[in-house]
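**Student:** sequence first, predicted model second:
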Amino acid sequence: MADAVLHPLRIANFRAYWLSRLTGTIAVSAQGIIIGWQVYTLARETMPVKGAAFLLGMIGLVQFVPLFLLTPVVGLVADSYDRRWIVRGTTSLLILNAAMLGYLTATGQLTLPFLFLAAVFVGVARAFAGPAYSALAPNLVPRESLPTAIAVSSIAWQVGTIAGPSIGGVLYAVDPDFAYAAVTALLALALVFIFLIGAVPQPPAQTDRHPLRRIADGFDYVRRNRLVLAAITLDLFVVLLAGSTALLPIYARDILHVGATGLGLLAAGMGIGASVASVYFSFRPLKNQVGVKMLVSVAVFALAILVFGVSTSFYLSLAALIVAGAADMVSVYVRSSLIQLHTPDEMRGRVSAVSQLTISASNELGEAESGLAASLLGPVGAVVAGAAGALAVTLAWSRLFPELKHARTFEPPPFPDYEPKQGVATP
């Protein structure tokens, strides 16, 4: 474990950042599962299972489209302006969005068009917040604390992403009004924490280069750094194929027959697994053979999702999701650390934007793919086919990108194979 004196959580600015990211991510993820449940419930009033599944998947698509369109801009914004104020602005937008949904739910005026509009607002806010959050973390700690800071920051995001749906499902089962009130309160708390971060250094913007050229630099860097490219694209295709979160309402209602309460418990499964893994890493951080461990964890994730897909037992399904959550935590921990440590600070916003695009493609676009596949193959067929495809991708990436297997530690090499074009900062 890193020296306690240098641990990032002993630094006030980073502690506030970590708490903001954790509470904000829990809130957004909790709201996501609530929106999914409401969309599916409203759709089932007039549609069969396959039609409702298709609409459920479209929620992911409408969140992905704004992020896809804005990716070239948001990375440049994160590298050019105060990253704290970017996060403050987007969090404020999310608070207003959650309050609107809470009001419509409480007054019985909620409709499918309103839910889809809210999903668009979430997509826009996350597009700007993601790169700013990711690029801000390394500015808050000294260099010697950076590896631990990146890992701890990844833990906050991953635990929030996976635990949020379980919290949202349970709270919604207790009372829908209270669920939205809790989401709004968590977002407000995240805003308070981000305001507690004092002034931090940020690399000056490259004003001598045209904005379009600077945008292209981020994509070019990812393309030419094969380790970063491999880590980003592996996550993209595996979660795109094997992600099953969007179909949890279908499993809870029509396959396992456990209702909203069971939905919350199923969503909690991945949160439990991720939490156990994150606690372990806080005491025993990975140091050796990190690339191989990432490949193994991705394969375990796909196998666990395969078991979940074919299971008709609630407890077996829950156990499979716990294993999947733990494996996913290992993958995210390694991927995020490799990307941040192998990217120069002046380009972290743009590279983080590219990474966020692939993460969103695998999550939100993956939800759309899951919904479409479920409408064609049925939910079980969609999950099984996706898990099998994810295993095939993992095997292919281990052969196409030997850099992953050869990544023994998080520390970057001297980049002998990367010579940036003129004007691109040298790592």
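**Tutor:** Structure received. Since this is a predicted model, take the numbers as computed values, not measurements. Numbering: from 1, shown residues only.
**Student:** what's the strand or helix carrying residue 192 in contact with?
**Tutor:** Secondary structure from DSSP states H and E places residue 192 in helix 176-195. Contacts to helix 176-195, defined as C-beta atoms under 8 Å, 6 or more residues apart in numbering, come from residues 16-17, 19-21, 23-24, 26-28, 30-31, 34, 84, 87-88, 91-92, 94-95, 98-99, 101-102, 105-106, 167-168, 171-172. In short, each C-beta sits where N, CA and C put it, glycine included.
**Student:** now with 6 Å?
**Tutor:** Residues from elsewhere that reach helix 176-195, judged by C-beta atoms under 6 Å, 6 or more residues apart in numbering: 16, 19-20, 23-24, 26-27, 30-31, 34, 87-88, 91, 94-95, 98-99, 101-102, 105-106, 171-172.
**Student:** now stretch 260-267
**Tutor:** Outside stretch 260-267, the residues that reach it (C-beta under 6 Å, 6+ apart) are 33, 165, 166, 169, 170, 173, 248, 252.
**Student:** list the buried residues for that stretch?
**Tutor:** Neighbour-count burial for stretch 260-267, counted by 16 or more other C-beta atoms under 10 Å, picks out 260, 262, 263, 264, 265, 266, 267.
**Student:** quick one: which of the contacts of helix 176-195 sit in helices?
**Tutor:** 16, 19-20, 23-24, 26-27, 30-31, 34, 87-88, 91, 94-95, 98-99, 101-102, 105-106, 171-172 (DSSP state H).
**Student:** about what we covered before: of the contacts of stretch 260-267, just say which sits nearest to residue 53.
**Tutor:** residue 248 (11.6 Å; C-beta to C-beta).
**Student:** quick check: closest non-adjacent residue to that closest one.
**Tutor:** Leaving out its chain neighbours, the residue that sits closest to residue 248 by C-beta to C-beta, 6 or more residues apart in numbering is residue 266, at 5.4 Å.
**Student:** now do the helices in the stretch 1-150 of the chain.
**Tutor:** 12-44, 49-80, 83-106, 112-136, 146-174 (DSSP state H, counting those that start in this stretch).
**Student:** centre of the chain to the longest one, how far?
**Tutor:** Here helix 12-44 shows a centroid-to-chain-centroid distance of 11 Å under the convention C-alpha atoms, centre = their mean, to the nearest Å.
**Student:** and the angle for that helix with helix 176-195?
**Tutor:** 150 degrees (axes from the mean of the first three to the mean of the last three C-alpha atoms, to 10 degrees).
**Student:** quick one: average pLDDT of helix 12-44?
**Tutor:** For helix 12-44, the mean pLDDT works out to 90.
**Student:** how about it: buried residues?
**Tutor:** 13-40, 42-44.
**Student:** what of stretch 383-400?
**Tutor:** 383-391, 393-394, 397-398.
**Student:** what's the farthest-apart pair in those?
**Tutor:** 383 and 398 (23.2 Å).
**Student:** now do the contacts for residue 14.
**Tutor:** Counting by C-beta under 6 Å, 6+ apart, residue 14 has contacts 8, 140, 141.
**Student:** ok, the last one touching residue 152?
**Tutor:** Put plainly, it is residue 141. No: using C-beta atoms under 6 Å, residue 141 makes no contact with residue 152, being 9.5 Å away.
**Student:** on that earlier part again, which one of the buried residues of stretch 260-267 is nearest to residue 302?
**Tutor:** residue 266 (18.2 Å).
**Student:** tell me the secondary structure at the closest one.
**Tutor:** At residue 266 the chain is in helix, as set by DSSP: H, G, I helix; E, B strand; the rest coil.
**Student:** quick one: it and residue 397, what's the gap?
**Tutor:** 29 Å (C-beta to C-beta, to the nearest Å).
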